[in-house]
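Enquirer: Dropping a prediction and its sequence here:
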Amino acid sequence: MTSFWTGKRVRLRGIEPDDWSAFMRFTADEEGLGDLLQPPRSAEGYRVWAREQAAAKSDGDCFQLAIEAVDASAIVGAVGSHLADPRAGWFEYGVTIGTDHRGKGYAIEAVVLLLRFMFAERRYHRCQARIFAHNEASLALHRRLGFTEEGRLRDHVFVAGQHRDLVMMGMLADEFARLHSISER
């Protein structure tokens with residue numbers, strides 16, 4: 001039996017200290033999309049962050065995982081749950097794929113693995129994602145996965161000198177089960 005966390009293209013795994021440079025590149029990629037603009041962080045800052053992530057205890061249902069390409073054993077992105085309300089049964093997640101690795105199916109497979117865990121194993125009822133309206137690729141990805149646009153917060157974020165809309169997308173556990181296998185394979 002293969003690991004629950006391994007698909008055909010990707011394997012989800014914990015963040016290791018040596019992953020710092022990949023996460024530094026992902027931050028630059030996100031900035032290039034106009035999705036993130038933070039003050040620059042030093043390489044040492046990324047090294048410390050990666051060491052802390054590697055040593056951190058689990059924070060319940062909020063976690064971040066590295067996405068590794070199975071065929072190359074290279075980190076291609078990250079996925080994780082960053083907000084969760086177990087009582088109400090919802091969680092929010094995010095995914096990023098490095099520029100050089102986009103369009104290869106890594107994001108879809110990684111998200112399906114994460115959602116399968118959260119819906120089937122952790123028994124959440126609802127997943128939500130916040131997406132900048134100008135990020136057409138991310139909106140298309142979420143539509144392909146089966147997410148529904150549930151609302152648009154006009155001029156909700158200020159990024160790179162502009163107010164931008166934020167699109168709220170959601171998926172329920174039964175919608176996921178209809179579109180994707182809820183079992184491991």
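Expert: Received the coordinates, thanks.
Enquirer: What score does the residue lying closest to I75 once chain neighbours are set aside have for pLDDT?
Expert: Of all residues not flanking I75 in the chain, A22 sits nearest, at 4.1 Å (C-beta to C-beta, 6 or more residues apart in numbering). For glycine as for every other residue, the C-beta is placed from the backbone atoms N, C-alpha and C. For A22, the pLDDT comes out at 93.
Enquirer: do the one 5 residues further on as well
Expert: For T27, the pLDDT comes out at 84.
Enquirer: So it versus A137, what's the distance?
Expert: Distance of T27 to A137, given as C-beta to C-beta, to the nearest Å: 18 Å.
Enquirer: same thing with E92?
Expert: Noted for E92: a distance of 19 Å to A137, by C-beta to C-beta.
Enquirer: Which of the two has more residues huddled nearby?
Expert: Taking neighbours as other C-beta atoms under 10 Å, E92 and A137 compare with E92 leading, 17 against 13.
Enquirer: Excluding chain neighbours, give the residue nearest to the more buried one in space.
Expert: E92 sits nearest to L83 (C-beta to C-beta, 6+ apart), 4.1 Å away.
Enquirer: ok, the one you found touching C62?
Expert: Yes. Using C-beta atoms under 8 Å, L83 is in contact with C62, at 6.8 Å.
Enquirer: picking that back up, isn't there a helix covering the residue nearest to E92?
Expert: No. According to DSSP: H, G, I helix; E, B strand; the rest coil, L83 belongs to no helix; its state is strand.
Enquirer: And it, what's its pLDDT?
Expert: 95.
Enquirer: could you list every residue that touches it?
Expert: Contact analysis of L83 by C-beta atoms under 8 Å, 6 or more residues apart in numbering lists C62, F91, E92.
Enquirer: any idea how far G94 is from it?
Expert: In this view, L83 and G94 are 10 Å apart by C-beta to C-beta.
Enquirer: before we move on, back to that, quick one: the contacts of L83 as a markdown table, columns for secondary structure, pLDDT and distance to L145 too.
Expert: Below are the contacts of L83 laid out as a markdown table (DSSP: H, G, I helix; E, B strand; the rest coil; pLDDT from 0 to 100; distance: C-beta to C-beta, whole Å):
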| residue | secondary structure | pLDDT | distance to L145 |
| --- | --- | --- | --- |
| C62 | strand | 94 | 20 |
| F91 | strand | 98 | 15 |
| E92 | strand | 98 | 15 |
